[in-house]
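> Next comes the sequence, and after it the predicted model I'd like to discuss.
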Amino acid sequence: MEVPEAANVRVRIAPSPTGFAHLGTASTALYNVLFARQSRGTFALRIDDTDQERNRPEYEQLIYESLGWLGLNWDEGPDRGGPYAPYRQSERVDLYRQYAAKLLADGKAYKCFCTAEELEAERRQAQFEKRPYKYSRRCLIDPPKDRTEFAVRFKVPGGEVKFKDMIRGEMVFDADLIGDFILMKSDGFPTYQFASPVDDAAMKISHVIRGEEHLSNTPYQLMIIDALAYERPVAYAHMPLILAKDGAKLSKRKHPESNLMLYREQGYLPEALINYLALLGWNPGTPQEIFTFDELVKVFSFDRVQHAGARFDWEKLNWINGEWIRAMDDAELVRRLRPFLPDLDDATIMRAVPALKTRMVKLADAVPLLDYLWTDPEPPVLEPDAIDRIKAAFAAIQDVRWEPEPLHEALTRVADESGVSRNKTFMPIRLSLTGKKISLPIDYTLALLPKDVAMQRLRRVAG
RNA sequence: GGCCCCGUCGUCUAGUGGACUAGGACGCAGCCCUCUCAAGGCUGAGACCGCGGGUUCGAAUCCCGCCGGGGCUACCA
């Protein structure tokens, strides 16, 4: 489908700082950024912190950190300002109150004094009578005189609400089915349904790109924009949801893989996560699977976005991450590896990289492969002929230059002379050096260790 | 319950009436390479296109019904 023309493309993401930064936030941020960059538009970050109960400043920090790590940089936001500041909803409360007052004055909203219990009773009654629930409008029809605490409720005008979705085409909703909903909570804060469209309009957002969970919310928000006589966004795009293995929407509580920081901690490359996220719910229509960010900017389009939710799959992510690691420049890989290997210097990491590269799915995988360099493993108990082979190897490498290649030559020579498989010689050495059955190739395993340490570990096993 | 979205190999997907004996990728299996583990190469298994009706000479592709999944329906976002 054609992307509607807009003189000035302005998009935004509006995460809530209610816990760790979410994978879904990264996903929608990515699509927003891609669209902004390819249309030379502006990408804004707005913090939707109207939930007094659950918001925390440190969670907001986590959002900055996570998106920054992924390289999904915003042009406007609470931390860097912009022409539509402030970008934190908690700092825009006056605006919402002002608009709520206007709607009240215009008779497009009304005060609701109902308690949570009364509302709950209404809802239960409707369910009991098996009819769809809509607020009864009792506070519109016959407001109680003796109460002071109130919320502001929108008087839903009903009728048809139509809008354009860049993925699904023309959408039509029947607003007669929508009950009057809350605009301002009794704590004086706006609800998401109110604050979000007000800000989108005030910030001149041209395209609202967000998760599919908001598709049904769109008519609510459009009615508010209309009631306020604001201009509507040019178009919406509701992206398919990222689903967990169980098929449900990824949730913070149930699915730890929704935590963005997890990926950084385990050593997934931001490039790889971006690559994977792009492919979850979108495809290029070509066999290409590995994409840089710039390539994505060139080829991404909403008409190739999936309509159905996509399940998150570690295996595919692992593969993409491995591809990125293998393709990475050695020096750059050293730089990325550094935080995972605080006990090693760059020179050592650099020497390990050629052998390491094809053996890592994620950066943290380097640790079990190299930890014998800074820890002293238990000496293994070996058979007599294994000890003999270590002795032979020991003699053979005694005066060899301490590099993988000459070590390889010397070692294969003695191994082949033994008449049995090379493994019979290499495995005892591996065990003596690392205490493990799995390690880098034996020449690297030796060469990475200082010669005296290596020889000492062999000597104590083979006497 | 109501409304909305969706339904192709285990997973991500190609496919928009005939080139489909349904293609690719991940994963899986086997073989090759090989000092372990990977990487790499080759081969293979795996989808009666959710089900049932139509329309059509012809349907994964169009229509209807059903079933299944997800989302929204909060003084959460």
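Looks like it arrived, so ask away.
> Chain neighbours aside, what residue packs nearest to the closest residue to RNA strand B within the stretch 201-350 of chain A?
Distance from RNA strand B to each residue of the stretch 201-350 of chain A (Cβ to the nearest atom of the strand) is smallest for residue A:308, at 2.7 Å. Backbone N, C-alpha and C define where each C-beta goes, glycine included. The shortest distance from residue A:308 to any non-neighbouring residue, by Cβ to Cβ, 6 or more residues apart in numbering, is to residue A:240 (6.0 Å).
> Would you check that my belief about the one you found contacting residue A:212 is correct?
Yes. Here residue A:240 reaches residue A:212: they are 5.8 Å apart, a contact under Cβ atoms under 8 Å.
> Which residues are in contact with each of these two?
Common neighbours of residue A:240 and residue A:212, counting by Cβ atoms under 8 Å, 6 or more residues apart in numbering, are residue A:309.
> What is the neighbour count of residue A:147?
Burial measure for residue A:147: 12 neighbouring residues, criterion other Cβ atoms under 10 Å.
> That one reaches residue A:114, doesn't it?
No. Residue A:147 sits out of contact with residue A:114 when judged by Cβ under 8 Å, with a separation of 9.1 Å.
> Get me the contact residues on the stretch 301-450 of chain A for RNA strand B.
For the stretch 301-450 of chain A, the residues in contact with RNA strand B (Cβ under 7 Å from any atom of the strand) are A:304, A:306-311, A:313, A:315-316, A:318-319, A:322-323, A:326, A:358-359, A:408, A:412, A:415, A:421-423, A:426-427, A:430, A:437-443.
> quick one: the closest residue to residue A:47 other than its chain neighbours and residue A:349, what's the gap?
In this structure, residue A:47 finds its nearest non-sequential neighbour in residue A:88, 4.6 Å apart by Cβ to Cβ, 6+ apart. Separation of residue A:88 from residue A:349 (Cβ to Cβ, to the nearest Å) stands at 41 Å.
> Tell me which of the two has more neighbours.
Neighbour comparison, residue A:88 and residue A:349: the larger count goes to residue A:349, with 23 against 18 (by other Cβ under 10 Å).
> Grab the nearest non-local neighbour of that one.
residue A:334 (4.8 Å).
> Also residue A:277?
Closest residue to residue A:277 apart from its sequence neighbours, by Cβ to Cβ, 6+ apart: residue A:27 at 5.0 Å.
> Make sure the one you found is indeed in a helix.
Yes. Under DSSP: H, G, I helix; E, B strand; the rest coil, residue A:27 falls within a helix.
> Go ahead and confirm the residue nearest to residue A:349 touches residue A:348.
No. Applying Cβ under 8 Å, one finds residue A:334 not in contact with residue A:348, separated by 9.6 Å.
> which of those two has more neighbours?
Ranked by neighbour count (other Cβ under 10 Å), residue A:334 and residue A:348 place residue A:334 first, with 21 against 18.
> Assign that one to helix, strand or coil.
Secondary structure, three-state DSSP: residue A:334 is helix.
> Tell me who's in contact with it.
Each residue near residue A:334 by Cβ under 8 Å, 6+ apart is listed here: A:346, A:349, A:350, A:353.
> got it, and residue A:65?
Contacts of residue A:65 (Cβ under 8 Å, 6+ apart): A:21, A:261.
> That one and residue A:260, how far apart?
Going from residue A:65 to residue A:260 by Cβ to Cβ gives 9 Å.
> and what of residue A:34?
Distance from residue A:34 to residue A:260, counting by Cβ to Cβ: 18 Å.
> can you check residue A:63 too?
Residue A:63 is 9 Å from residue A:260, where distance means Cβ to Cβ.
> likewise residue A:431?
The value you get for residue A:431 to residue A:260, if Cβ to Cβ is used, is 39 Å.
> swap in residue A:452?
Relative to residue A:260, and taking Cβ to Cβ, residue A:452 is found at 44 Å.
> So which of those two has more stuff around it?
Shown here are residue A:452 and residue A:260; by other Cβ under 10 Å, residue A:260 has more neighbours (23 against 9).
> got a list of what that one touches?
A:20, A:21, A:22, A:23, A:25, A:26, A:62, A:66, A:69, A:70.
> Need the pLDDT of it.
pLDDT, residue A:260: 96.
> Surely residue A:97 touches residue A:184?
Yes. Residue A:97 lies in contact with residue A:184 (Cβ under 8 Å); the separation is 7.1 Å.
> which one of these two has more residues nearby?
Legend: neighbour count by other Cβ under 10 Å for residue A:97 and residue A:184, higher for residue A:184 (28 against 15).
> For my notes, confirm residue A:66 occurs in a helix.
Yes. Residue A:66 forms part of a helix when assessed by three-state DSSP.
> neighbours around it, how many?
Residue A:66 has 24 nearby residues by other Cβ under 10 Å.
> Can you give me every residue that contacts it?
Contact partners of residue A:66, counting by Cβ under 8 Å, 6+ apart, are A:21, A:25, A:26, A:260, A:261, A:264.
> do residue A:175 as well
Residues in contact with residue A:175 (Cβ under 8 Å, 6+ apart) are A:156, A:157, A:158, A:159, A:160, A:161, A:219, A:223.
> that older thread, which of the contacts of residue A:334 count as buried?
Restricting those to buried positions leaves A:349, A:353, with burial counted as 16 or more other Cβ atoms under 10 Å.
> Mind putting the contacts of residue A:334 into CSV with pLDDT and secondary structure?
Shown next, in CSV, are the contacts of residue A:334 (pLDDT from 0 to 100; DSSP: H, G, I helix; E, B strand; the rest coil):
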residue, pLDDT, secondary structure
A:346, 98, helix
A:349, 98, helix
A:350, 98, helix
A:353, 98, helix
